[in-house]
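In: This is a predicted model, with the sequence first.
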Amino acid sequence: MITLYDDIQRSHAPETFLVAGRPQPIPEKPVRIDMLMKGVRYVGSHVEAPPPISSELLALVHDQRYLTFLETLRERWGHVPDSSDIPLPNVYAIQRASLPPIGYPEAVVGQAGYHLGDGACPVTATTLAAAKASAACAAEGARRIAGGERLVYALCRPPGHHAASDLAAGFCFFNNAALSAEMLTRAGHRTAILDIDVHHGNGTEAIFYDRADVLTVSIHCHPRRFYPFFWGYADERGRGAGEGFNLNLPLERGADINIYLAALEQALQRIADFAPTRLVLASGLDIAIDDPFKAFAIRTEDFAQIGARIAQMRLPTLVVQEGGYPSETLGDNLASLLKGLGA
């Protein structure tokens with residue numbers, strides 16, 4: 001099994017994010033890489049760095065003005081008098097989907113309110129390089145899976161599934177899972193995305209919500225009291241041509257492996273009905289019982305059961321790292337999942 005990772009990803013190292021209006025230590029930090037690499041070593045995976053990613057490839061799932069915004073944000077923000085070190089909007093584009101559509105401002109403060117969806121996507125001087133390297137791992141993973149590899153692990157950090165086509169949010173800047181699914185689809189494969197992160201993959205859902213050629217399925221903690229709050233409900237099924245091609249399976253806090261496996265059976269049945277030829281597994285290890293977000297009660301040995309059940313689909317699978325935050329078992333949990341998948 002191949003693991004894709006670039007050490008540039010370690011350079012993104014913000015110290016805080018906003019929680020209940022206050023800066024708090026951010027759990028999405030470089031030490032996650034060391035913990036995940038423990039799991040990679042345990043299964044004996046070969047580690048390779050991907051080739052650099054182009055803006056043209058990122059534009060497959062991201063709007064050009066969003067890409068331009070990220071490229072120029074730090075320089076332009078530095079010209080704002082008395083600005084903070086980390087760009088933070090003081091106004092948000094809260095009616096983005098309204099009719100008539102809202103305008104697009106020229107001021108960087110206004111653009112920050114348009115493209116930064118919450119207080120959990122701090123853009124430091126090294127964020128863009130790390131996010132591009134993360135996306136490059138997913139892109140190269142898609143090429144490998146399209147070319148016949150059976151199982152590839154993309155150690156994507158920062159993660160991606162909260163990023164929409166023109167929006168950063170929830171530690172995410174580029175949607176790695178969506179990019180890999182789009183590449184696989186353009187390569188002629190029928191592609192499903194299964195998101196097992198404890199948080200709903202709202203960015204992924206948004207990117208494919210109007211489409212029938214990619215199936216999106218997410219098992220996550222119910223958003224009525226959990227991030228991302230506004231998306232991830234069971235009645236979100238897709239729109240227009242995409243109606244019926246999005247499935248959300250929200251679970252209550254404290255879900256154990258028995259509850260989880262029941263939801264997984266529903267997810268895999270829908271995937272089987274879709275009959276894909278390739279699977280993108282948005283792998284959130286934050287379902288673990290000792291993860292800092294403490295929403296689900298999945299133990300290390302349970303991850304092997306989850307992986308083994310997914311492996312029964314017999315689909316070439318790209319595992320894209322999403323959540324999973326510093327804990328004693330993070331590396332063991334990754335190894336357990338990968339071994340269950342057949343590593």
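Out: On my side now, so go ahead.

In: what about R143, distance to I196?
Out: Distance, R143 to I196, by C-beta to C-beta, to the nearest Å: 23 Å. All C-beta spots, glycine's among them, are computed from the backbone N, C-alpha and C.

In: more crowded one of the two?
Out: I196 (28 against 18; other C-beta atoms under 10 Å).

In: The more buried one reaches S283, doesn't it?
Out: Yes - taking contacts as C-beta atoms under 8 Å, I196 lies within contact range of S283: 6.2 Å.

In: burial of G240, as a residue count?
Out: With other C-beta under 10 Å as criterion, G240 counts 9.

In: got the contact list for it?
Out: D210 (C-beta atoms under 8 Å, 6 or more residues apart in numbering).

In: quick one: it from F208, how far?
Out: Look at G240 and F208: by C-beta to C-beta, they are 12 Å apart.

In: swap in T126?
Out: Taking C-beta to C-beta, one finds T126 at 30 Å from F208.

In: So these two - more neighbours on which side?
Out: Remark: of T126 and F208, F208 carries more neighbours, 24 against 16, as counted by other C-beta under 10 Å.

In: what sits against the closest residue to that one other than its chain neighbours?
Out: In this structure, F208 finds its nearest non-sequential neighbour in V214, 4.7 Å apart by C-beta to C-beta, 6 or more residues apart in numbering. Shown in contact with V214 (C-beta under 8 Å, 6+ apart): 181-182, 185, 191-193, 208, 245.

In: Among those, which ones are in helices?
Out: Among those, the ones falling in helices (DSSP state H) are 181-182, 185, 208.

In: Just send the residues you listed back as CSV, with pLDDT and distance to G170 too.
Out: Output for the ones in helices among the contacts of V214, formatted as CSV (pLDDT from 0 to 100; distance: C-beta to C-beta, whole Å):
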residue, pLDDT, distance to G170
A181, 98, 19
E182, 98, 20
T185, 98, 24
F208, 98, 18
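
In: returning to what we had before: bridging residues for the residue nearest to F208?
Out: On the basis of DSSP bridges, V214 is bridged to T191.

In: Where do the helices of the stretch 101-250 of the chain begin and end?
Out: 108-115, 127-146, 176-186, 202-208 (DSSP state H, counting those that start in this stretch).

In: between those, which one is nearest to S45?
Out: Of all the helices of the stretch 101-250 of the chain, helix 127-146 sits nearest to S45, with 12.4 Å by C-beta to C-beta.

In: so what does the closest one touch, helix or strand wise?
Out: strand 2-4, helix 55-58, helix 64-77, strand 151-154, helix 176-186, strand 278-283, strand 317-321 (3 or more C-beta pairs under 8 Å, 6 or more residues apart in numbering; DSSP states H and E).
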